[in-house]
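> below: sequence and its predicted model.
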Amino acid sequence: MTVPVDVKPGSCPNPFSPRNHGMLTVAVLGTEDVDGGAVDPTTIILSRVDGVGGSVGPHEGPPGPRSVMKDVATPGQADGCACHPMVGDGIDDWFLYFDADELVEALQLDNVAHGTMIPVHVQGALFDGRAFSGVDCIRVVGNGRVR
């Protein structure tokens, strides 16, 4: 099943600097059909839609993937790289944190030109076993070369 995903909630078009050494937040947005609390964070992987590079899981923190639940966004109607309205809708969203250095290496972002939009695919499963996926984009910034 397809679920809405928001990279860097509160920011659009989701800037990401390969020189960043912190965390990238990715939210699986809850809907009327899927509450964010139903997401099994141990199943999540993030990869590039174009198939370049590998995949990466959320940053590990005790006792497992570092994650938080809170209601921050309303799923948008458009697919892909569209921005999501940043107003709560009463349904919890599941926030996962990805190590920026691991993302750069796994998704091969170190030589991507400044301004390039990279669609990313988030896949995982709910605690009931149903698989889900969603797509959003990151905009590579700070790499010097202009696309």
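All right, it came through fine.

> which strand residues bridge the spatially most central residue of the chain?
Residue closest to the average C-alpha location in the chain (C-alpha atoms, centre = their mean): Val26, at 3.3 Å. Val26 has the following beta-bridge partners by DSSP bridges: Val7, Leu96.

> my guess is it contacts Ile45. True?
No: using C-beta atoms under 8 Å, Val26 makes no contact with Ile45, being 11.0 Å away. C-betas here are computed from N, CA, C, even on glycine.

> now do the shared contacts for the two.
Val122 (C-beta atoms under 8 Å, 6 or more residues apart in numbering).

> quick one: contacts for the residue nearest to the centre of the chain?
Per C-beta under 8 Å, 6+ apart, neighbours of Val26: Val5, Asp6, Val7, Lys8, Leu46, Phe95, Leu96, Tyr97, Phe98, Val122, Asp136.

> lowest-confidence entry in these?
In terms of pLDDT, the lowest of the contacts of Val26 is Phe95, showing 84.

> count the residues that sit near Ile44.
23 (other C-beta atoms under 10 Å).

> gap between it and His21?
21 Å (C-beta to C-beta, to the nearest Å).

> cool, and Asp136?
Distance from Asp136 to His21, by C-beta to C-beta: 22 Å.

> more neighbours, those two?
It is Asp136, of Asp136 and His21, that has more neighbours when counted by other C-beta under 10 Å, with 29 against 10.

> isn't that one right up against Pro119?
Yes: judged on C-beta under 8 Å, Asp136 makes contact with Pro119 at a distance of 7.5 Å.
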